[in-house]
Structure formats: C-alpha cells, structure tokens
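> need coordinates for the below:
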Amino acid sequence: MLNRDMGKQEISWKLRLEDGTKREVLARRFGREWRFMERGRRYDPWRDIADPSREDWETLLDALRRRYPRKGFTEEDIRAVERCIAARFPT
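Residues are numbered from 1 along each chain as shown. Model (predicted):
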C-alpha cells in the first residue's frame, strides 16, 4: 500500500508564451484541492494563479496520466481532475 503522504504531490512544467517570455507553472495538491502557481524565472517568487486556464488543467491531467505510477498518484486522482475540468469548463 502506498503512503499518500510520501513525497511531494506536485507537478511542474515550463512553456513559452506567444510574446516569447517563459513561464514555469507548478500544480501542487493540498488535500483534495489543486493549487496552481507560476513564476517567470528560476529565482522569482511563486505567485498563485487564482483562476487557472483550461490549458493549465489539461497539462496537469496529461502529466498525471503519463507519470502517475512514479509520482504516487492513483487512477482516482486522474478521475478527480477530469471531473474538476468538466465542472469548471462545461462544453
């Protein structure tokens, strides 16, 4: 049985915006909620993202699907993020 308190429950990624600036995003799980943070450069302070975009949520979901066995996430974690996306961004 995996101890869910082990290790960090976070995933980060980097991207380049249309204007050429870089952005690093960190999604960190606190309990059952995900918090998104961003920064421009490595030593800049992290800033909370109050309303993450659908692209941020989709990137998190993709990363969870690819990495969940190594990072200590479960299939239920993936389904929870899918439900959260469906609730926040109805089509």
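> in contact with the residue lying closest to D56 once chain neighbours are set aside, which residues?
Using C-beta to C-beta, 6 or more residues apart in numbering and skipping the chain neighbours, the partner closest in space to D56 is F36 (5.7 Å). In short, each C-beta sits where N, CA and C put it, glycine included. When contacts are counted by C-beta atoms under 8 Å, 6 or more residues apart in numbering, F36 is found next to V25, L26, A27, D48, I49, P52, D56, L60.
> and the two most separated of these?
In terms of C-beta to C-beta, the contacts of F36 reach their longest pairwise distance at D48 and L60, which sit 15.2 Å apart.
> when the two are compared, which one has more neighbours?
Taking neighbours as other C-beta atoms under 10 Å, D48 and L60 compare with L60 leading, 22 against 9.
> so the more buried one is in which element?
Secondary structure assignment for L60, by DSSP states H and E: helix 54-71.
> please name the nearest non-neighbouring residue to the spatially most central residue of the chain.
For the chain, the residue whose C-alpha lies nearest the mean C-alpha position (C-alpha atoms, centre = their mean) is A27; its distance is 3.2 Å. On the basis of C-beta to C-beta, 6+ apart, the spatially nearest residue to A27 that is not a chain neighbour turns out to be L60, at 4.7 Å.
> quick one on the thing from earlier: neighbouring contacts of the helix or strand just after the helix holding L60?
Per DSSP H and E, helix 54-71 leads on to helix 75-88 as the next helix or strand towards the C-terminus. The contact list for helix 75-88 (C-beta under 8 Å, 6+ apart) reads R29, R32, W34, R54, W57, E58, L60, L61, L64, R65, Y68.
> do that again at 6 Å, thanks
Surrounding helix 75-88, the residues in contact under the criterion C-beta atoms under 6 Å, 6 or more residues apart in numbering are W57, L61, L64.
> alright, calling it a day.
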